[in-house]
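I would like to see how this sequence folds:
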Amino acid sequence: MPFAGLSRPLALCLALSASASLGFSNAAQAEFIYGRLVPEGGEANGDSSAVDVSSDGRTVVFSSAATNWAPLGAEYNGNRAVAVDLATGVVEVVSVPPGGSVFRGETPVASGDGRYVAFLTLNAAYGPNWQVLRKDRQTGALELASSDSAGQPASTGTNDNTVSISADGRYVAFQASADMTGVAARAGGGAAPSGSSGEIYVKDMTSGQVEMASVSSGVAASGDNCSLQPHALSGTGRYLAMLCSDAMVPGASSGQAYVRDLQTDTTELVSRSASAPSGSSAFAYRPTISPNGRFVSFQNRGYGGLGYADGVAIEGNSGVYLHDRQAQTTVAIPRPTAIPSSSYDNCYTSAVSDIGSMLLTCPLDIGQPSWVSQVFLYVPGAGAPELLSVAAGSQPGNGESGYSLAVNASGLSMAFESDASNIDSDDSNGKSDIFVLVDSSLLTDVIFADGFQTPPQLRREQGGRFHAVPVAAEPHSGSAPRR
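Okay, the predicted model is just below:
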């Protein structure tokens, strides 16, 4: 799998390396590789989207309509779930049963080491409407995750928006209107937030048990008033971030972000601050949780009472906040300096790492009739977010970027989708592509080898493309339960 390497000076990478070194070995000497994922032999011949990154930073998964990622499934004209090992260069189509044919795979998410990939599918062979499957990339086993404890699929299907998976691949979160556990709904619930379709469930793929996560502090179901968002489940599978229109804890305002502790069976309000203990007076949106469960990022308007990035005025706010569950603090992420002060509070989608660094999507005026979404990198203590979806000469991408984005646990491996054609000068396919910014140590250091793939050997080819020499896989040692 060629990796189109791009040389871009990104100042925040140095700050990111220094920040990561506080909790992760070998990060202080970070050397970042920035590039576009392309199939062997040429560019992708279809759009790629819905990207995710494994916690160890080595595996990138996404949906793609391109038929040339791998020979398998070249005859299938539709989205398939794809996994790419950035270290070995191995490309695998995962929405396929052992010995079977490729079928539809949407919004894939990767376990911590990339062994397991969960994804949505619309395939009658696995149940009515949308269902969630989990693929074991080592054994090839494909299992239904959106099933009850008896193994029966969700009777009315699942929400077709997103899915989430724990680092060990044992726990898979999904949303369904079908009654999967028998927990009673709350009476008198408010209007469900956008994307909500039933309750949020977490399936234990080892025991087969299903637990409802969209539960209030009073241990009642939300009444279909919560929605599952991307990057919702922590690495251990203990914590789940969710957006709920109705109050899930006593005294909370409507339209807030919460975290459910599936071990202690408690629900915590996170879109709050010391000055707004009952939650923001503006609706929160798009909560995401870091792999270690410490940080939650979410979108919120500055007038919600959660504070100003510069401590003075709303014009300094990006529209994204970061809640530290350990320190019990909430801070406003600064508005990128590339965005004028008159366009404060316009950033929205985000993904957050274990050190509190994050990717966020913000619209930017690049001289086109409409503003174009760009991807920015924020590092705690390093000032305003820096433009990441950048072309030569520090010019922003000329197409929409960041509809989906992801960051790994250490913050040293990042990915986003983009329609831009100028980030990579060799980009001529007219399709949405996947771009990656990754610290090379994650791909070459033995400390990151986890048994799923042996340490890779990389060589730099002419033209700035990276090819990997595949090596034989070793048996996976497995992971300990989270709870």
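
any stretches of the stretch 51-200 of the chain with poor pLDDT?
Confidence mapping of the stretch 51-200 of the chain against pLDDT under 70 gives the ranges 182-197.

could you pull out the strands for it?
Using DSSP state E, counting those that start in this stretch, the strands assigned to the stretch 51-200 of the chain run over residues 59-64, 80-85, 91-93, 106-110, 116-122, 130-136, 142-144, 164-165, 171-176, 199-204.

helices and strands around the third one, which ones?
Using 3 or more Cβ pairs under 8 Å, 6 or more residues apart in numbering; DSSP states H and E as the contact test, the elements touching strand 91-93 are strand 80-85. Backbone N, C-alpha and C define where each C-beta goes, glycine included.

who does the strand it packs on pair up with?
Sheet pairing of strand 80-85 (DSSP bridges) gives strand 59-64 (antiparallel), strand 91-93 (antiparallel).

and among these, the most buried is which?
Of all the strands paired with strand 80-85, strand 59-64 has the most neighbours on average by mean count of other Cβ atoms under 10 Å, namely a mean of 28.

so which of the strands of the stretch 51-200 of the chain comes closest to residue 216?
Among the strands of the stretch 51-200 of the chain, the nearest to residue 216 by Cβ to Cβ is strand 199-204 (11.6 Å).

mind listing what's buried in the closest one?
Buried residues in strand 199-204, counting neighbours by 16 or more other Cβ atoms under 10 Å, are found at 199, 200, 201, 202, 203, 204.

JSON lines for those, including distance to residue 35?
Putting those into JSON lines (distance: Cβ to Cβ, whole Å) gives the following:
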{"residue": "199", "distance to residue 35": "40"}
{"residue": "200", "distance to residue 35": "35"}
{"residue": "201", "distance to residue 35": "37"}
{"residue": "202", "distance to residue 35": "35"}
{"residue": "203", "distance to residue 35": "35"}
{"residue": "204", "distance to residue 35": "37"}
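
quick check: of those residues, which lies closest to residue 408?
Nearest to residue 408 among these, counting by Cβ to Cβ, is residue 202 at 21.6 Å.

my read is that that closest one contacts residue 213, right?
Yes: proximity of residue 202 to residue 213 meets the contact threshold set by Cβ atoms under 8 Å, at 5.3 Å.

what do the two both touch?
Listed contacts common to residue 202 and residue 213 are 173, 240, 262; contacts here mean Cβ atoms under 8 Å, 6 or more residues apart in numbering.

so how far is residue 108 from the spatially closest residue to residue 255 that is not a sequence neighbour?
Using Cβ to Cβ, 6 or more residues apart in numbering and skipping the chain neighbours, the partner closest in space to residue 255 is residue 283 (3.5 Å). Distance, residue 283 to residue 108, by Cβ to Cβ, to the nearest Å: 29 Å.

show me which of those two is the more surrounded one.
Of the pair residue 283 and residue 108, residue 108 is the one with more neighbours under other Cβ atoms under 10 Å, namely 28 against 19.
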